[in-house]
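Engineer: can't give you the sequence, but here's the structure:
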């Protein structure tokens, strides 16, 4: 059984260690799989066994904890689900007034940012500034459904979705809102700042409140069905702090379920970081700030959260897309838009299948 983008660990019938959860570095994970660090990525984005058009190979059952299945396939005529970038920095949205509107909707300026009815959502992270970037790769996975905005909105029904995290989550949220815009359910999506999710500084920014408070503030009707998607990492430094965040997700989920059992809590893996000139042929995390910790954090979260009934949107295929960051501005965290974050669209559709 190959790993799909969104999964519940208990459904895989693969034994995992209970009790204490161990951290594993990338090299330790690869050693477990019989690999060596010599097989790691290079800036050319291909390995000896892969063509230039098929960058990432399929994974096996043994590798379910380490790599999503699928390939990044070169597609020079690629069409994005969210093809227009409406940047709120420096009023970049004015470059596309018909699609983005002519008034500001800064994601950092409101406690709650909701998908708009008449215009595309604005985004941050300076993702619209990548004038020389053109994404020529599409993620192809046999287990991932083809994305259809109308069908996805039908699966969402009347549920609201709240996405909480830092600026990388806001990039993901605006992308998802805009992929759903043609079908009209983007107004059911909202996003909140929560750099650490716990409302405590952990080495970086600490914008936003505790995630549980944000959820209770939006879902005041205790019988309403909804989905909460959480993520944190760039502003969380060291392992012990990340463990605090994960524990808050577990305990907060229990708290939310007591108040409203119809709210489903979901974790999204970290936004992969690192800069290379070309697409990478293997996991690449970068070495700025705490970026090199991201991958092992993802594996840690994947080993812990599903045991507590928390689904995971696995976006680790983005570790291969170190070519799609704002390297020209020394920003190896935020993605260029439109770009590989488009993969959130089919992953979200798949999530709805799993939650139902």
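Structural biologist: Cool, the structure landed. In this text the structure is predicted, and so the values were computed from the model without any measurement.

Engineer: Below-threshold pLDDT in the stretch 101-250 of the chain: ranges please.
Structural biologist: For the stretch 101-250 of the chain, residues meeting the criterion pLDDT under 70 lie at 106-111.

Engineer: can you give me the helices in it?
Structural biologist: 149-156, 167-180, 211-218, 239-259 (DSSP state H, counting those that start in this stretch).

Engineer: Which among these is found nearest to residue 121?
Structural biologist: Nearest to residue 121 among these is helix 167-180; the distance by C-beta to C-beta comes to 4.1 Å. The C-beta positions use only the backbone N, C-alpha and C, and glycine is treated the same way.

Engineer: hang on, the earlier thing: so which of the helices of the stretch 101-250 of the chain is the most surrounded?
Structural biologist: helix 167-180 (a mean of 27; mean count of other C-beta atoms under 10 Å).

Engineer: Please compute how far it lies from its chain's middle.
Structural biologist: 9 Å (C-alpha atoms, centre = their mean, to the nearest Å).

Engineer: Make 94 the first number, not 1, from now on.
Structural biologist: Sounds good: first residue 94 from here, last item helix 260-273.

Engineer: what's the angle from that helix to helix 242-249?
Structural biologist: Helix 260-273 runs at 110 degrees relative to helix 242-249, counting by axes from the mean of the first three to the mean of the last three C-alpha atoms, to 10 degrees.

Engineer: could you say what helices and strands helix 260-273 packs with?
Structural biologist: Applying 3 or more C-beta pairs under 8 Å, 6 or more residues apart in numbering; DSSP states H and E, we find helix 260-273 packed against helix 242-249, strand 253-258, strand 282-286, strand 424-428, helix 437-448.

Engineer: any idea what sits nearest residue 268, other than its immediate chain neighbours?
Structural biologist: Closest residue in space to residue 268, ignoring its immediate chain neighbours: residue 434 at 4.6 Å, by C-beta to C-beta, 6 or more residues apart in numbering.

Engineer: related to what we said a few turns ago, mind putting the helices and strands packed on helix 260-273 in TSV, distance to residue 410 included?
Structural biologist: Formatted as TSV, the helices and strands packed on helix 260-273 follow (distance: least, C-beta to C-beta, whole Å):
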stretch	distance to residue 410
helix 242-249	19
strand 253-258	19
strand 282-286	22
strand 424-428	13
helix 437-448	9
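
Engineer: Check the ones you listed for me and report the most buried one.
Structural biologist: For these, the largest average neighbour count (mean count of other C-beta under 10 Å) is found in strand 253-258, namely a mean of 25.

Engineer: Can you report how many residues neighbour the residue nearest to residue 268?
Structural biologist: 29 (other C-beta atoms under 10 Å).
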